[in-house]
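[1] I would like the atomic coordinates for the input below:
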Amino acid sequence: ADLAGTDLVGANLSQACLRDSNLSRADLSNAVLVGAVLSGATIQGTVLTGANLSGLDLQASTFLRGVNLSHATLSDVNFHRADLTGTDLSDANLNNASLSCATLNEAKLNNASLCHAGLESANLSRVTLTGAIMAQADLRRARLC
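    Down below sits the predicted model:
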């Protein structure tokens, strides 16, 4: 579906199949995407501030590079091997998220909650973590510089 530039603020898109959709420049602020399928979606310039993506499988995804996910609910999301370079995750809830082997170069995680998050072997080069809560996060073999 071509949803480029669409205003979807607060939309309930739970379980929606958005595979291969064009969501470029769409505003999905505060949208609920629990159980949605986003594989192959184009989301350059998409606003996902405050969106709820809890429990999604975004393993090995590359389409989130540089996206604004600040204030988003990302608990229990599978980001294994995902490329989150330059992504804004400030104030996001990443509790219990799997970020193992993920690339987070230059990502913003200020005031993010990463309690029990799996960050083993993640690349955290030049990440900002000011105020981040990382209680019981797994940082084994993570690259921190």
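[2] Strands of this structure, start to end?
    With DSSP state E as the criterion, the chain has no strands.
[3] Any regions of it where pLDDT drops low?
    Within the chain, the set of residues satisfying pLDDT under 70 is empty.
[4] same thing but 80
    145 (pLDDT under 80).
[5] could you pull out the helices for it?
    Counting by DSSP state H, the chain yields no residue ranges for helices.
[6] give me every residue that touches the residue nearest to Thr130 when sequence neighbours are not counted.
    Spatial nearest neighbour of Thr130, excluding adjacent residues (C-beta to C-beta, 6 or more residues apart in numbering): Asn110 at 4.7 Å. All C-beta spots, glycine's among them, are computed from the backbone N, C-alpha and C. By C-beta atoms under 8 Å, 6 or more residues apart in numbering, the contact list for Asn110 reads 90-91, 128-132.
[7] Now restrict these to buried residues only.
    90-91, 129, 132 (16 or more other C-beta atoms under 10 Å).
[8] Farthest pair within those residues?
    The span of these, defined through C-beta to C-beta, is set by Asp91 and Leu129 at 12.5 Å.
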